[in-house]
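# Sequence plus the predicted model coming up.
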Amino acid sequence: MTFTDQRSALNASLDRAGYYPALVSSVVQTALAGDSIAAHYVHVETTFAGPEVRRHVTVLVLTERRLIIAHVDDHAGDGQRGEPQSMAAATTESVVLSAVRSVVLTHAVANPENYHAGDAPLEVSLAIGWGAVSRIDLEPAACGDPHCEADHGLTGQLTSDDVMLRVSAEAEGTQAVNDLVSFAQALTAVTGR
């Protein structure tokens, strides 16, 4: 993979996303600390909490040495005692590529019996793990006896889940799905060495 600086492509993606592009660009540039950009992905989510609409953007940036993750969220201010009406919190994390333990890309396809190489999935989910956050999925343990009513405790799976993105062709478009797959390929190529 050739590491060419894609700063203008990132800024164009941030402008298209339309979610405080100047703020997001500024915090990402601070985290980059002069590194060149090899690949990036910008994902905007909108959630509804009662009457409130909240937005969130996740930006993934791959450099030659690091994975930069930026999260920016809306926060409602009360407008009282000098507090602004609206606020945003911007957080960046920098992970050295040698620390990335897993890159999991899940493709969801319709009618898999008719799938042809190159068909776009309906959605993709990308999970990147480096050990900072783990998720445990528990379920009741069972034995081989179908009539057994004993409590066998729990069994589970511990999964590294530091950042997770799900992109749907129906909601975000086929290009967004393809872009996330391309980012995952670029990340996999440099972390699989």
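Received, thanks. Residues are numbered from 1 along each chain as shown.
# Please determine how far the most centrally placed residue in the chain is located from residue 149.
Centroid check for the chain by Cα atoms, centre = their mean gives residue 165 as the closest residue, at 3.4 Å. Plainly put, residue 165 is 42 Å away from residue 149 if you go by Cβ to Cβ, to the nearest Å. From N, CA and C alone the C-beta is placed, and that goes for glycine too.
# rewinding a little: wait, the residue nearest to the centre of the chain sits on residue 56?
No: Residue 165 is not in contact with residue 56 according to Cβ atoms under 8 Å; the separation is 11.2 Å.
# so where do the helices sit in this structure?
Along the chain, counting by DSSP state H, helices occupy 7-17, 21-32, 169-172, 174-191.
# In a markdown table: those helices, plus mean pLDDT.
Below are the helices of the chain laid out as a markdown table (pLDDT from 0 to 100):
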| stretch | mean pLDDT |
| --- | --- |
| helix 7-17 | 92 |
| helix 21-32 | 96 |
| helix 169-172 | 93 |
| helix 174-191 | 95 |
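# which stretch among these comes nearest residue 138?
helix 174-191 (27.9 Å; Cβ to Cβ).
# Might you report the residue contacts of the residue in the chain sticking out farthest from the centre?
Relative to the C-alpha centroid of the chain, counting by Cα atoms, centre = their mean, residue 147 is the outermost residue, at 43.3 Å. By Cβ atoms under 8 Å, 6 or more residues apart in numbering, the contact set of residue 147 is empty.
# which stretch among the helices of the chain comes nearest residue 99?
helix 174-191 (9.2 Å).
# what pairs with residue 40 across the strands?
residue 61 (DSSP bridges).
# likewise the one 4 residues further on?
The partner list for residue 44 in beta bridges (DSSP bridges) reads residue 57.
# Would you check that it makes contact with residue 16?
No: between residue 44 and residue 16 there is no contact under Cβ under 8 Å: 9.4 Å.
# Compare the two (neighbour count), which wins?
residue 44 (18 against 11; other Cβ atoms under 10 Å).
# What separation do you get for the residue farthest from the centre of the chain and residue 114?
42 Å.
# returning to what we had before: which among the helices of the chain is found nearest to residue 156?
Comparing the helices of the chain under Cβ to Cβ, the one sitting nearest is helix 174-191, at 26.0 Å.
# how big is the angle separating that closest one from helix 7-17?
140 degrees (axes from the mean of the first three to the mean of the last three Cα atoms, to 10 degrees).
# Give the buried residues for helix 174-191.
176, 177, 179, 180, 181, 183, 184, 186, 187, 190, 191 (16 or more other Cβ atoms under 10 Å).
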